[in-house]
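A.B. asks: Build me a model:
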Amino acid sequence: MFCTSFLNAQNNSSRTTLRGFVFEKNTSEPIMFANVILQGIDNKNILKGTATDVNGLYNITSLESGNYKLIVTYIGYDTTELNIFIKYGEVKTKNIEITESSVKLNEVKISGDRIEMKTEVKAASIKITSQDLKIIPSIGGEPDLAQYMQIIPGVVFTGDQGGQLYIRGGSPIQNKVLLDGMTIYSPFHSIGLFSVFDSDIIRTTDVYTGGFGAEYGGRISSIMDIKTVDGGKKLSGKLSSNTFGSKVLVKGPISKNKKSSFILSAKTSYLDKTSE
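C.D. replies: Alright, predicted model coming up:
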């Protein structure tokens, strides 16, 4: 009987789990790679932690019953602390919203030599985030996925009005471009300087240049898998224009409970007018 009780207690301990998602409060976007720390209140020696994945999910297992302080930290956001109680053998779900920090800084002057920007590249796949698109110089002042692609080794654009994409020697028809699972044809133009995608709706882009799974069938050179952002909890919009084109963006919730949302984006180019 002692052995049976010990085994049951051990199994319950392994099942005692805290999990959930970390979201940005204003946009409801999942926060990738946020630090989630669980500190014991009754027992200060208990300290466990993890980081959220690309979907904002965290998971902490093998916990003891008791009161805990849940701490979430992320660069550029206020630290969030919550007190929670976890029962023995419970699988507890706790979603957390964090708020972007607002700090007033004094003027800072920085000077130095120009350093060539380096991009970390993995052999088989490259992940591009919305922040990555904003850090490189852009033509016309608007970040564009096509311009970021040109700094990736093995990528070449050619052609006139219709930009053709060559990756590691493969022909353009051997590349597949997906937008939330939908195949997009002729996504680039103007010698690869611009794409049809509004950078404001792109959350992440995974570029597979070799060795991709069976779900990406039909091509042999590369896969570009683009995921878009959610519509958010508030109705908002954006209109911008530059020398080469204009774009408009509208997004917001669909229902009153804000559980579903929409996002509409339109983009046009003036290059056909300037080439006449």
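A.B. asks: Based on its surroundings, how many neighbours for the residue lying closest to Ile254 once chain neighbours are set aside?
C.D. replies: Leaving aside its chain neighbours, Ile254 sits nearest to Ser260 (4.6 Å; criterion: C-beta to C-beta, 6 or more residues apart in numbering). Every residue, glycine included, has its C-beta placed from N, CA and C. Applying other C-beta atoms under 10 Å, we find 10 residues neighbouring Ser260.
A.B. asks: again with Ile135
C.D. replies: Neighbour count of Ile135, defined by other C-beta under 10 Å: 11.
A.B. asks: Next one, pLDDT for it please.
C.D. replies: With respect to pLDDT, Ile135 has a value of 85.
A.B. asks: Now do the same for the spatially closest residue to Ala51 that is not a sequence neighbour: helix, strand or coil?
C.D. replies: Distance criterion C-beta to C-beta, 6+ apart; nearest residue to Ala51, sequence neighbours excluded, is Phe33 at 5.4 Å. Three-state assignment for Phe33 (DSSP: H, G, I helix; E, B strand; the rest coil): coil.
A.B. asks: For Phe33, which residues are in contact?
C.D. replies: Taking C-beta atoms under 8 Å, 6 or more residues apart in numbering as the criterion, Phe33 is in contact with 51-53, 74.
A.B. asks: May I see these organised as a markdown table, with pLDDT, distance to Ser236 and secondary structure added?
C.D. replies: A markdown table is the format used below for the contacts of Phe33 (pLDDT from 0 to 100; distance: C-beta to C-beta, whole Å; DSSP: H, G, I helix; E, B strand; the rest coil):
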| residue | pLDDT | distance to Ser236 | secondary structure |
| --- | --- | --- | --- |
| Ala51 | 95 | 29 | strand |
| Thr52 | 96 | 25 | coil |
| Asp53 | 94 | 27 | coil |
| Tyr74 | 95 | 22 | coil |
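A.B. asks: could the residues you listed go into CSV alongside distance to Val250?
C.D. replies: Formatted as CSV, those follow (distance: C-beta to C-beta, whole Å):
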residue, distance to Val250
Ala51, 34
Thr52, 29
Asp53, 30
Tyr74, 28
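A.B. asks: Low-confidence ranges, the protein, go.
C.D. replies: Within the chain, the stretches with pLDDT under 70 are 1-14, 104, 115-124, 140, 158-163, 190-192, 271-276.
A.B. asks: Helices of that one, start to end?
C.D. replies: Secondary structure of the chain (DSSP state H): helices at 2-15, 130-134, 145-149, 271-274.
A.B. asks: Show me what the third one is packed against.
C.D. replies: What it means is helix 145-149. helix 130-134, strand 155-158, strand 194-195, strand 202-208 (3 or more C-beta pairs under 8 Å, 6 or more residues apart in numbering; DSSP states H and E).
A.B. asks: For it, C-alpha coordinates in PDB please.
C.D. replies: Extracted in PDB, the C-alpha atoms of helix 145-149 (Å, rounded to 0.1, in the frame of the first residue of the first chain):
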ATOM      1  CA  LEU A 145       9.800  41.800 -47.600                       C
ATOM      2  CA  ALA A 146      11.400  41.800 -51.000                       C
ATOM      3  CA  GLN A 147      14.100  44.200 -50.000                       C
ATOM      4  CA  TYR A 148      14.900  42.100 -46.900                       C
ATOM      5  CA  MET A 149      15.100  38.900 -49.000                       C
END
